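A.B. asks: Mind folding the following:
(one chain, ligands or ions: 2)
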Amino acid sequence: MGFGLRQDGIQPVRLKGRPAGTILFAIRHLLQCLADSFLPRHCLSCGTAMSATSAIDLCPACTREALLCGPDVCSRCGAPSDSPDTCICHDPAFETVDMARSAFAWTGPPRSMVLALKYSRKWELARPMATVMAAVWAASGGGLPDLVTSVPAIPRRFLARGYNQAALLASAFSAISDFPADNFVLIRQGPPQSTRGLGANERRRLAAGSFHVRNGRDVRGRRILLVDDVLTTGATVSDCARALKSAGARRVDVLTFARSVHLP
Ligand SMILES: [Zn+2]
Ligand SMILES: [Zn+2]
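C.D. replies: Ligands and ions are numbered 1, 2, ... in the order given. Below you'll find the predicted structure:
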């Protein structure tokens with residue numbers, strides 16, 4: 001169930017390839033451009049008004065708060081140095097991932113943004129969120145991916161929600177960074193039965209077998225950047241990366257908007 005459905009649902013984030021020729025669209029676009037140049041922009045995280053010329057939608061204070069890449073994070077998994085417990089590099093499952101980076105800690109306004117994108121259909125958040133992710137990726141030294149893709153939603157949830165927030169982020173990230181994106185690379189199979197009552201290990205075992213690459217030609221010999229909204233234990237992205245590498249991907253990196261951390 002759910003295979004072949006567009007993971008980005010009804011494609012509310014139409015950043016490229018708009019149907020040309022409608023006068024209404026042209027007028028709206030012109031008005032939006034005028035508004036963008038005259039109205040103050042607001043920090044994505046705290047809402048402070050900022051200069052219209054800022055490259056990313058973050059005020060200086062929130063930029064310092066963000067887990068922007070630098071010497072203060074684990075070079076591989078991106079865990080901040082002031083939260084060493086968060087490093088997941090020791091987990092054997094994570095060996096399938098070459099490098100991971102996240103924009104924010106999973107707390108405060110960034111957490112609210114993810115929840116609003118995921119549950120409240122605030123699709124307009126995808127682009128500003130992806131703008132920050134693009135800045136984080138550019139600063140990470142992670143290089144140029146051949147292909148951007150996203151963690152597919154569990155089919156049952158995707159059918160109920162009608163879209164996949166990770167695919168929205170991947171599409172917006174691709175439009176901003178100009179890396180090609182394909183949200184149909186991975187297929188996710190839901191657990192065959194309810195996992196209620198099963199232990200953590202058993203649930204994990206069921207989840208581990210649930211990702212497949214649709215067509216090996218899409219990934220063979222290529223560098224893949226896998227996008228998701230939140231990194232928690234790393235189990236899901238590790239499983240995706242295992243499927244991608246089994247299908248011949250040369251490298252798999254992970255980029256998420258938020259990451260759970262244990263800050264002191
Ligand atoms: Zn701010
Ligand atoms: Zn690490």
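A.B. asks: where does the stretch 1-150 of the chain come near ligand 1, residue by residue?
C.D. replies: 43, 45-46, 48, 59, 62 (Cβ under 5 Å from the ion). No exception for glycine: its C-beta is placed from N, CA and C like everyone else's.
A.B. asks: Ala100: what secondary structure?
C.D. replies: strand (DSSP: H, G, I helix; E, B strand; the rest coil).
A.B. asks: Give me the pLDDT value at it.
C.D. replies: At Ala100, the pLDDT value in this model is 96.
A.B. asks: Hmm, it is touching Ser75, no?
C.D. replies: No: counting by Cβ atoms under 8 Å, Ala100 does not reach Ser75; the two are 10.5 Å apart.
A.B. asks: coming back round to it: tabulate the residues of the stretch 1-150 of the chain next to ligand 1 (JSON lines), appending neighbour count and pLDDT.
C.D. replies: As requested, those are exported to JSON lines (neighbours: other Cβ atoms under 10 Å; pLDDT from 0 to 100):
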{"residue": "Cys43", "neighbour count": "20", "pLDDT": "80"}
{"residue": "Ser45", "neighbour count": "22", "pLDDT": "74"}
{"residue": "Cys46", "neighbour count": "13", "pLDDT": "79"}
{"residue": "Thr48", "neighbour count": "14", "pLDDT": "84"}
{"residue": "Cys59", "neighbour count": "21", "pLDDT": "79"}
{"residue": "Cys62", "neighbour count": "22", "pLDDT": "75"}
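A.B. asks: Return the subset of these lying in helices.
C.D. replies: Cys62 (DSSP state H).
A.B. asks: circling back: could you check which of Ala100 and Ser75 is surrounded by more residues?
C.D. replies: Set Ala100 next to Ser75 and count neighbours by other Cβ atoms under 10 Å: Ala100 wins out with 29 against 12.
A.B. asks: where does the more buried one sit relative to ligand 1, distance-wise?
C.D. replies: As judged by Cβ to the ion, to the nearest Å, Ala100 and ligand 1 stand 24 Å apart.
A.B. asks: Bridging across strands, which residues link to that residue?
C.D. replies: Here Ala100 sits in beta bridges with Val254, going by DSSP bridges.
A.B. asks: And the helix or strand Ala134 falls within, what's buried?
C.D. replies: Element membership for Ala134 (DSSP states H and E) is helix 126-140. Neighbour-count burial for helix 126-140 flags 126-137, 140 (criterion: 16 or more other Cβ atoms under 10 Å).
A.B. asks: now swap in stretch 214-223 and tell me
C.D. replies: 214, 218-219, 222-223.
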